[in-house]
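**Student:** Please find the sequence and the predicted model below.
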Amino acid sequence: MSDTALHTPATLRSRSESVAKSLPPLLADAQHLAATILLGEHGRKRAGAGDEFWQYRPAEAGDAYRSIDWRRSARADSHFVRQTEWQAAQSVMIGVDDAASMTFTGHSSRPSKLRRAQTLAMALGILAIRGGERVGLTHLADPPRGGEAQLIRMAAALMDSHEPGDYGAPKPRILPVGSRAMFFSDFLGDPGTIETVLGQAADRDVKGALVQILDPHEELFPFDGRTVFESMSGAIRFETLKAKGLKEAYLERLAMRKARLKDITRRTGWRYLCHHTDQPAEPALLWLYQMLDRTS
């Protein structure tokens with residue numbers, strides 16, 4: 001199909017209608033999930049450069065003499081330091097693998113790996129923006145932005161893009177120096193790609209987390225007897241009469257993959273989380289939100 005055909009009014013209208021149908025549920029799910037993380041009035045408060053008063057804390061060895069608040073200290077038997085609130089917005093970059101393998105779900109009662117990744121990504125974006133941060137998607141050339149309009153743009157981009165092939169990996173087009181990044185994937189493709197990306201990120205002082213999302217079937221390997229294994233794109237197909245005999249080798253390779261991801265994150269100052277689609281999303285979101293502070 002030619003580029004002209006891809007951009008006819010009928011084609012654009014069809015794509016817009018398709019995105020519009022999926023966009024509200026994704027945003028609704030993400031907003032509901034984000035609402036489970038209780039935020040204070042000023043979002044992610046912490047000490048740092050700024051003008052707004054945050055809190056007093058007891059003075060410690062090494063504190064500068066001029067940092068002591070003598071008026072507050074006069075009302076107690078010890079010295080106190082006045083802390084202001086950190087106000088400099090940072091950039092949070094989010095990458096979601098949307099290759100074919102991410103569309104897998106082992107049961108109709110569970111979301112696909114992709115839908116869980118999209119929901120977690122959007123919920124994290126909501127929390128970050130409401131906390132005063134700038135947020136962007138790694139596969140877009142657009143710079144990270146704040147504001148509710150950015151959430152609409154992100155949701156539309158997540159629903160409208162699909163990477164060809166069975167397995168994907170983060171290929172960030174933009175990672176601002178000193179930013180924070182979160183990558184969502186099953187990481188079942190070539191681990192060398194993510195190793196390269198995290199190495200380059202470390203050179204730019206970018207830290208963050210890898211979130212490996214797996215379906216329980218991929219962890220348990222509940223297959224026996226004659227089984228046909230086929231990749232989500234149909235490009236890979238394998239048939240066996242003794243599926244159970246493959247279980248031990250499969251689980252060993254999966255454990256090796258997890259160990260390698262953990263090693264990559266350890267060496268680059270990142271964090272690693274494995275999340276399963278049959279588990280509630282709230283603990284994973286809370287972990288991610290806390291990671292933004294720990295990697296700061």
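**Tutor:** Everything's here; your move.
**Student:** Check the secondary structure at the residue positioned nearest the centre of the chain for me.
**Tutor:** Per C-alpha atoms, centre = their mean, the C-alpha nearest to the average position across the chain is that of Met182, at 3.7 Å. Of the three states, Met182 takes strand under DSSP: H, G, I helix; E, B strand; the rest coil.
**Student:** pretty sure it contacts Val92?
**Tutor:** Yes - here Met182 reaches Val92: they are 7.3 Å apart, a contact under C-beta atoms under 8 Å. Heads up, the C-betas are built off the backbone N, CA and C, glycines and all.
**Student:** Common neighbours of those two, please.
**Tutor:** Leu124 (C-beta atoms under 8 Å, 6 or more residues apart in numbering).
**Student:** Which positions within the helix or strand containing Lys258 qualify as buried?
**Tutor:** Following DSSP states H and E, one finds Lys258 within helix 247-268. For helix 247-268, a neighbour-count test (16 or more other C-beta atoms under 10 Å) marks 261-262, 264-265, 268 as buried.
**Student:** Between these, which sits nearest Asp160?
**Tutor:** Nearest to Asp160 among the buried residues of helix 247-268, counting by C-beta to C-beta, is Leu261 at 28.1 Å.
**Student:** per-residue confidence at that closest one?
**Tutor:** Looking at Leu261, its pLDDT stands at 97.
**Student:** does it really touch Leu214, like I thought?
**Tutor:** No - taking contacts as C-beta under 8 Å, Leu261 lies outside contact range of Leu214: 11.6 Å.
**Student:** circling back: let me know the closest of the buried residues of helix 247-268 to Thr227.
**Tutor:** Distance ranking of the buried residues of helix 247-268 against Thr227, using C-beta to C-beta, places Leu261 first at 26.9 Å.
**Student:** Thr36 looks like it's in a strand, true?
**Tutor:** No - according to three-state DSSP, Thr36 belongs to no strand; its state is coil.
**Student:** Next, find the distance separating it from Ile126.
**Tutor:** 11 Å (C-beta to C-beta, to the nearest Å).
**Student:** Ok, Phe221 next?
**Tutor:** 35 Å.
**Student:** From Glu60, how far out is Asp69?
**Tutor:** From Asp69 to Glu60 the distance is 14 Å (C-beta to C-beta).
**Student:** Which neighbours do the two have in common?
**Tutor:** Common neighbours of Asp69 and Glu60 (C-beta under 8 Å, 6+ apart) are Val81.
**Student:** partner residues bridging the residue nearest to the centre of the chain?
**Tutor:** Bridge pairing for Met182 (DSSP bridges) gives the partners Ile94, Ala209.
**Student:** can you pull the contacts of it?
**Tutor:** Neighbours of Met182 in contact, by C-beta under 8 Å, 6+ apart: 92-95, 121, 124, 208-209, 211, 288, 291.
**Student:** ChimeraX command to pick out the buried ones of the residues you listed?
**Tutor:** Selecting only the buried entries of those in ChimeraX, with 16+ other C-beta under 10 Å as the criterion:
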select :92,93,94,95,121,124,208,209,211,288,291
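**Student:** With distance to Val177 and pLDDT added, can I get the contacts of Met182 in JSON lines?
**Tutor:** Converted to JSON lines, the contacts of Met182 look like this (distance: C-beta to C-beta, whole Å; pLDDT from 0 to 100):
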{"residue": "Val92", "distance to Val177": "14", "pLDDT": "94"}
{"residue": "Met93", "distance to Val177": "12", "pLDDT": "95"}
{"residue": "Ile94", "distance to Val177": "17", "pLDDT": "96"}
{"residue": "Gly95", "distance to Val177": "17", "pLDDT": "95"}
{"residue": "Ala121", "distance to Val177": "22", "pLDDT": "95"}
{"residue": "Leu124", "distance to Val177": "21", "pLDDT": "95"}
{"residue": "Gly208", "distance to Val177": "14", "pLDDT": "95"}
{"residue": "Ala209", "distance to Val177": "18", "pLDDT": "96"}
{"residue": "Val211", "distance to Val177": "23", "pLDDT": "98"}
{"residue": "Leu288", "distance to Val177": "22", "pLDDT": "94"}
{"residue": "Met291", "distance to Val177": "19", "pLDDT": "84"}
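**Student:** of all the contacts of Met182, which comes closest to Gly189?
**Tutor:** For those, the nearest to Gly189 is Gly95 (13.6 Å; C-beta to C-beta).
**Student:** what's near enough to touch that closest one?
**Tutor:** Per C-beta under 8 Å, 6+ apart, neighbours of Gly95: 137-139, 170, 172, 181-185.
**Student:** Many thanks, have a good one.
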